[in-house]
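Trainee: Quick one, what's the 3D model for this:
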Amino acid sequence: MNKLLPAFKDSLFMNFSEPSVDWLEDTLDSLINNEAVENIPILKILMGLCKTGAAIHERNLIRQTIAFLLGLKNGSLTEEQIAAYRKKVFKNQKRTLQELERILIVLNQQIDVQHSHILGLFYRAYVDQKIDWNTFCELDEINRRMFTSDYDVLFNFALFEETETQHTDRYRIDRLASLGLLQPMEGKQTWGDVENGTTKYELSSIGEIFYQYGNCARIERLEK
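Mentor: As a prediction, this is how the structure comes out:
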């Protein structure tokens, strides 16, 4: 971790061409021999670990880190935005290590790259000062508890509510509500809803933030 954290810090805003989603589908051998990967400090260190041990955890962390960087680089951060972030965060070494350590630990726990990609989108919003650190952490906690199928429901919520199959898939709506992303619509319940035991929902305040900055409709879908 002592080597990974500084390397991760140096990799966040490098001037390298955006990694391709295809990297996530490459074999380990292909990645090890990829010159573009070798130019990214944290991936270079992880590749070195894989060369010596070919460990599953290191390979997974490579995939998750690439997915995170793809999310972070979704859209373009201006030099002014990056400079403001560096001034706010990087000037405090202790804070920098705490923040980046949390992200690395989370990435190392992930299995599906879509979670890491969306985490990168949230971090981009944080760098852009659209959300604060506490909100980022809350979004991270919710994101870790999401099922991959939940993203389709949340990011197509309006359409989902209008489908005829809404009752059969109701458990997904209820799960999103349990995560705090949806809330009951006040004054919108009918007697039919009461009789059927269903509830009409809308995005909560944190749900709107999750939807706005993590919306998969605006990013290329990642397949594991």
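Trainee: then stretch 93-110 to CSV, C-alphas only?
Mentor: Output of stretch 93-110 as CSV, limited to C-alpha atoms (Å, rounded to 0.1, in the frame of the first residue of the first chain):
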residue,chain,number,x,y,z
GLN,A,93,-0.8,14.8,2.5
LYS,A,94,-2.7,13.1,5.3
ARG,A,95,-6.0,13.8,3.8
THR,A,96,-4.8,12.8,0.4
LEU,A,97,-3.7,9.4,1.6
GLN,A,98,-6.9,8.8,3.6
GLU,A,99,-9.1,9.6,0.5
LEU,A,100,-7.0,7.5,-2.0
GLU,A,101,-6.6,4.7,0.5
ARG,A,102,-10.4,4.4,0.8
ILE,A,103,-10.8,4.3,-2.9
LEU,A,104,-8.2,1.6,-3.4
ILE,A,105,-9.7,-0.5,-0.7
VAL,A,106,-13.1,-0.2,-2.3
LEU,A,107,-11.7,-1.1,-5.7
ASN,A,108,-10.0,-4.1,-4.3
GLN,A,109,-13.3,-5.3,-2.9
GLN,A,110,-15.3,-5.0,-6.1
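Trainee: buried ones in it?
Mentor: Within stretch 93-110, the residues that qualify as buried are 96-97, 99-100, 103-104, 106-107, 110, counting by 16 or more other Cβ atoms under 10 Å. In this view, the C-beta of every residue, glycine as well, is placed from N, C-alpha and C.
Trainee: Which ones among these map onto helices?
Mentor: The helices, defined by DSSP state H, take in 96-97, 99-100, 103-104, 106-107 from the buried residues of stretch 93-110.
Trainee: per-residue confidence at Gln212?
Mentor: Reported pLDDT at Gln212 in the predicted model: 91.
Trainee: And for it, the neighbour number?
Mentor: By the measure other Cβ atoms under 10 Å, the count of residues near Gln212 is 14.
Trainee: Would you double-check that it falls in a helix?
Mentor: Yes. According to DSSP: H, G, I helix; E, B strand; the rest coil, Gln212 belongs to a helix.
Trainee: Against Ser205, how distant is it?
Mentor: 11 Å (Cβ to Cβ, to the nearest Å).
Trainee: and Ile40, how many residues sit next to it?
Mentor: As a burial measure, Ile40 scores 22 neighbours (other Cβ under 10 Å).
Trainee: Next up, the contacts around the closest residue to it other than its chain neighbours.
Mentor: Leaving aside its chain neighbours, Ile40 sits nearest to Ser11 (5.0 Å; criterion: Cβ to Cβ, 6 or more residues apart in numbering). Ser11 sits next to 40-43, 69 when contact means Cβ atoms under 8 Å, 6 or more residues apart in numbering.
Trainee: about what we covered before: next, format the buried residues of stretch 93-110 as JSON lines and append distance to Asn143 and pLDDT.
Mentor: Rendered in JSON lines, the data for the buried residues of stretch 93-110 read as follows (distance: Cβ to Cβ, whole Å; pLDDT from 0 to 100):
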{"residue": "Thr96", "distance to Asn143": "22", "pLDDT": "81"}
{"residue": "Leu97", "distance to Asn143": "22", "pLDDT": "82"}
{"residue": "Glu99", "distance to Asn143": "16", "pLDDT": "87"}
{"residue": "Leu100", "distance to Asn143": "17", "pLDDT": "87"}
{"residue": "Ile103", "distance to Asn143": "12", "pLDDT": "91"}
{"residue": "Leu104", "distance to Asn143": "15", "pLDDT": "88"}
{"residue": "Val106", "distance to Asn143": "9", "pLDDT": "93"}
{"residue": "Leu107", "distance to Asn143": "12", "pLDDT": "91"}
{"residue": "Gln110", "distance to Asn143": "9", "pLDDT": "90"}
